[in-house]
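**Q** Next one to model:
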Amino acid sequence: MSETAVSLSGVIKSFRRFQRPGWRALDALGVPVSPKRYDTFYALRGLDLEIRRGEKVALIGRNGAGKSTLLRVISGQIRADAGQVFVHGTVHALMELGTGFHPDFTGVDNIRSALAYQGIPSHKTGKVIDEIIDFTELEEFINRPVREYSGGMYARLAFAVATTITPEILIIDEILGAGDAYFVGKCVQRMKYLTTQGATIVFVSHDMSAVQLLCDRGVWIDKGLIKADTDILSVSKAYLASVRDDEEVRAMAKSMSLTRGQVADMQGRRFVSLFRLIGVDGGAPSDSFAVAEIRFGGGAKAIGSITPADNDTTSRVIIDSVLMNWKHAVESDGRPLWQFGDFGGRYVHAPWQIDWLKPGQHDSWLEIDYRASTSHAVAVEQYDEKQKTYIRLTEIPKATGKPTWQTVRIGVGGEALSPDRPNVPEPLDLQVLAPEDRYGTGQVKITAFGFFDETGTQRYTLISGERASAVIAYSADEAVLNPVTVIAIYRFDGTCAMQVISNRSGKELGTLVGRGTIRFLFNPLLLGPGDYITSVALFKYLNLASRHEPDAYDLHDRCYTLKVLPPVGIGVEIGMVNQPMTWELSQ
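**A** As a prediction, the model looks like this:
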């Protein structure tokens with residue numbers, strides 16, 4: 001008998017995505033359909049995989065990575081477009097709820113039908129049925145039609161029937177996600193037993209704790225290819241780190257008003273800066289603002305330019321008809337141009353990016369050939385990576401008469417252009433806050449705030465149980481004696497999850513004057529997994545025995561989001577507090 005249970009080599013699987021259902025129906029009937037009516041999505045892109053008999057393999061990856069397609073190819077539900085697929089053994093596949101059972105039959109009737117299909121003789125079915133009912137714990141519902149079952153009840157029945165006899169290859173694709181934690185634990189124990197009897201398990205789940213509990217090998221699939229294939233703990237850590245990076249990109253995209261793909265593209269470039277046009281009032285002009293060319297350089301040297309005729313390089317205008325307010329290039333006054341106006345873009349602004357090719361200089365500049373709007377003054381802004389917000393460089397007033405072509409030269413902050421600056425926590429993350437979000441007397445102001453992981457990298461996501469820190473940057477125009485610093489972290493339902501107060505820890509800050517930072521160290525962070533929003537404040541004083549809120553120098557009320565992830569390998573609910581514990585046993 002072959003020691004290989006599953007072998008795939010160069011497997012390709014694609015799907016046609018039709019513009020309308022009618023075209024799909026014609027294609028299914030064998031009627032030729034023009035390629036203009038569909039695009040092709042490649043779910044598997046030349047994938048190679050070998051699974052040995054008796055292995056417990058977890059397939060992990062984001063939704064749409066190709067995991068379910070791969071399982072369907074292995075189980076024979078679909079055929080690959082190209083490549084070789086060898087499966088040695090009978091496959092039992094639990095792929096999705098609602099398949100395999102007749103909804104109008106009772107649980108018992110469906111069990112009998114499934115056992116007959118598996119070739120179990122009738123004189124043995126009675127004992128096997130009793131074992132299945134006992135495992136599922138569905139005694140009260142087993143004689144009711146399956147259509148009355150909840151997703152969890154269906155999952156129990158489907159799993160118990162499929163594992164009644166030891167399958168040669170068992171495939172499970174997220175169906176256990178419908179079950180409760182207690183039953184998932186029972187399933188994991190049964191699958192472990194099956195592998196001792198020679199069964200091969202291929203398991204797909206987003207529950208990393210169940211994956212690590214059952215499997216000893218992990219295969220990370222991304223965009224139809226294998227990204228990692230090694231022991232389950234190493235793959236899980238790498239995958240969760242990738243998920244965390246995606247969360248970071250999502251948060252950055254929100255602050256930049258770009259898509260995640262656009263942010264990811266910029267992150268791969270060492271010396272790229274982001275700029276934008278936006279109405280001085282925060283909107284987009286009803287009468288468009290025209291741009292014919294953007295030139296950039298340092299000192300007396302020109303580095304490059306962006307024009308409608310050459311917009312495919314790294315330095316380019318970022319055009320997206322759904323999200324941005326650039327209008328595709330048109331010709332006016334004998335020259336091609338872009339238009340910035342109120343064209344329905346979700347993010348209102350009109351951004352572009354510049355690749356400086358090397359670290360920036362303090363005398364870097366932009367030149368814009370423009371024709372002003374008659375309805376709005378327009379601002380030119382640069383995204384500052386340190387402050388995680390746009391900084392206004394200049395304002396171009398609206399035209400009072402017939403607009404003519406003009407050129408504006410703008411100095412650019414050179415320090416913000418260099419990615420080689422040391423990773424120091426200042427300035428940090430300062431959002432543009434509405435008046436209702438920020439208040440205080442202002443003798444000392446919070447100029448920035450951010451969370452950092454144990455490596456000193458600013459993060460919007462932290463891991464519960466790991467070391468972390470929070471940093472407040474401040475500016476005091478006059479000497480302020482012993483202010484009290486507070487960081488309050490709330491759940492989105494308004495519950496205060498955690499509050500750290502400097503004088504509660506016996507810390508006196510002394511006299512604050514000029515600029516500086518205050519660092520809070522979490523050794524480790526005990527806050528449990530969840531989504532939170534944070535307030536930061538500098539108070540004149542704070543009486544710990546009183547519920548009365550004292551006067552604040554500066555208070556930012558619930559302005560900074562934070563996501564806390566569970567520790568690696570932990571899937572159980574650990575609550576709002578990740579409390580360390582010492583256990584003692586006495587007899």
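
**Q** Tell me where this protein has helices.
**A** Counting by DSSP state H, residue ranges of the helices within the chain are 21-28, 67-75, 107-117, 122-136, 151-162, 181-196, 208-214, 232-256, 260-267.

**Q** by contact count, what packs against the second one?
**A** Taking 3 or more Cβ pairs under 8 Å, 6 or more residues apart in numbering; DSSP states H and E as contact, the helices and strands that helix 67-75 lies on are strand 4-18, strand 38-52, strand 56-60, strand 82-87, strand 91-94, strand 169-173, strand 200-204. Backbone N, C-alpha and C define where each C-beta goes, glycine included.

**Q** List the contacts of Ala43.
**A** 13-15, 66, 69, 224 (Cβ atoms under 8 Å, 6 or more residues apart in numbering).

**Q** Now it. Nearest residue, chain neighbours left out?
**A** Thr69 (4.0 Å; Cβ to Cβ, 6 or more residues apart in numbering).

**Q** The one you found and Ile78 touch, don't they?
**A** Yes - using Cβ atoms under 8 Å, Thr69 is in contact with Ile78, at 7.4 Å.

**Q** and for these two, which residues touch both?
**A** Common contacts of Thr69 and Ile78 (Cβ under 8 Å, 6+ apart): Lys13.

**Q** So those two - more neighbours on which side?
**A** Thr69 (23 against 14; other Cβ atoms under 10 Å).

**Q** On the pLDDT front, check that one for me.
**A** Here, the pLDDT recorded for Thr69 equals 91.

**Q** Now for it: which residues touch it?
**A** 13, 43-44, 78, 224.

**Q** Report the buried members of the contacts of Ala43.
**A** Using 16 or more other Cβ atoms under 10 Å as the burial test, the contacts of Ala43 include 13-14, 66, 69, 224 as buried.

**Q** farthest residue from the center of this protein?
**A** No residue in the chain sits farther from the centre than His123, which is 53.6 Å out by Cα atoms, centre = their mean.

**Q** right, and Thr307 touches Ala292 too?
**A** Yes - at 7.3 Å, Thr307 and Ala292 qualify as touching, with contact defined as Cβ under 8 Å.

**Q** what residues are shared contacts of the two?
**A** With Cβ under 8 Å, 6+ apart as the test, Thr307 and Ala292 both reach Pro336.

**Q** Just name the shakiest helix or strand of this structure by mean pLDDT.
**A** helix 260-267 (a mean of 63; mean pLDDT, DSSP states H and E).

**Q** Skip the chain neighbours and tell me the closest residue to Val291.
**A** Trp338 (4.9 Å).

**Q** buried residues in stretch 326-333?
**A** Neighbour-count burial for stretch 326-333 [16+ other Cβ under 10 Å]: 326-327, 329.

**Q** before we move on, the earlier item: report the two of the buried ones among the contacts of Ala43 separated the most.
**A** Ser14 and Gly66 (10.9 Å; Cβ to Cβ).

**Q** so who does Ile129 touch?
**A** Contacts of Ile129 (Cβ under 8 Å, 6+ apart): 108, 111-112, 115.

**Q** thinking again about what came up before, nearest to Val577, of the contacts of Ala43?
**A** For the contacts of Ala43, the nearest to Val577 is Gly66 (38.4 Å; Cβ to Cβ).

**Q** and that closest one, what is it in contact with?
**A** 13, 43-44, 47, 221, 223-225.

**Q** from the residues you listed, which is closest to Val57?
**A** Of the contacts of Gly66, the one sitting nearest to Val57 (Cβ to Cβ) turns out to be Ile221, at 11.4 Å.

**Q** which residue packs closest to the closest one, ignoring adjacent ones?
**A** Gly61 (4.2 Å).

**Q** With Arg20 instead?
**A** According to Cβ to Cβ, 6+ apart, the nearest residue to Arg20 is Arg37 (7.6 Å).

**Q** Go ahead and confirm that neighbour touches Trp23.
**A** Yes - under the criterion of Cβ under 8 Å, Arg37 makes contact with Trp23 at 4.6 Å.

**Q** Let me see the domain layout of the protein.
**A** Domain assignment for the chain by automatic domain parsing gives 4-241, 257-417, 435-565.

**Q** May I see those domains organised as TSV, with distance to Thr582 added?
**A** Formatted as TSV, these follow (distance: least, Cβ to Cβ, whole Å):
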stretch	distance to Thr582
domain 4-241	23
domain 257-417	40
domain 435-565	15
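
**Q** Quick check: which of the ones you listed is nearest to Ile574?
**A** That would be domain 435-565 among the domains of the chain, by Cβ to Cβ, at 5.4 Å.

**Q** Now that closest one: average pLDDT?
**A** Mean predicted confidence for domain 435-565 is 87.

**Q** so how far is it off the chain centroid?
**A** Its chain's C-alpha centre and that of domain 435-565 lie 26 Å apart, by Cα atoms, centre = their mean, to the nearest Å.

**Q** With stretch 239-248 instead?
**A** Worked out by Cα atoms, centre = their mean, stretch 239-248 lies 6 Å from the chain centre.

**Q** Likewise for stretch 283-303?
**A** That offset, for stretch 283-303, works out to 33 Å (Cα atoms, centre = their mean).

**Q** repeat for stretch 156-173
**A** So, by Cα atoms, centre = their mean, the centroid of stretch 156-173 is 33 Å from its chain's centroid.

**Q** likewise stretch 10-27?
**A** 28 Å.

**Q** Can you give me the buried ones in that stretch?
**A** 11, 13-14, 18, 23-24.

**Q** now what about that stretch, what contacts it?
**A** Outside stretch 10-27, the residues that reach it (Cβ under 8 Å, 6+ apart) are 33, 37-49, 66, 69-70, 73, 78, 80-85.

**Q** Quick check on those: which are buried?
**A** Using 16+ other Cβ under 10 Å as the threshold, 33, 38, 42-44, 47, 49, 66, 69-70, 73, 80, 83, 85 are the buried ones among the contacts of stretch 10-27.

**Q** circling back: can you lay out the contacts of Ile129 as a markdown table showing neighbour count?
**A** Formatted as a markdown table, these follow (neighbours: other Cβ atoms under 10 Å):
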| residue | neighbour count |
| --- | --- |
| Val108 | 14 |
| Ile111 | 23 |
| Arg112 | 18 |
| Leu115 | 20 |
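
**Q** and which of the buried residues of stretch 326-333 is nearest His206?
**A** Trp326 (37.4 Å).

**Q** The closest one reaches Asp342, doesn't it?
**A** No - counting by Cβ under 8 Å, Trp326 does not reach Asp342; the two are 11.9 Å apart.

**Q** still on that earlier bit, can you get me a residue count around the residue nearest to Val291?
**A** 25.

**Q** pLDDT value on the closest residue to Phe41 other than its chain neighbours, please?
**A** Take Phe41 and drop its neighbours on the chain: the residue closest to it by Cβ to Cβ, 6+ apart is Phe15, 5.1 Å away. With respect to pLDDT, Phe15 scores 88.

**Q** how close does Phe15 sit to Ile78?
**A** Distance of Phe15 to Ile78, given as Cβ to Cβ, to the nearest Å: 9 Å.

**Q** next one: Ile396
**A** 57 Å.

**Q** residues touching Asp48, list them.
**A** Neighbours of Asp48 in contact, by Cβ under 8 Å, 6+ apart: 8-11, 226.

**Q** before we move on, what about Val33?
**A** Neighbouring residues of Val33 by Cβ under 8 Å, 6+ apart: 18, 23, 26-27.

**Q** Can you pull the phi/psi pair for it?
**A** phi -120, psi 130 (degrees, to the nearest 10).
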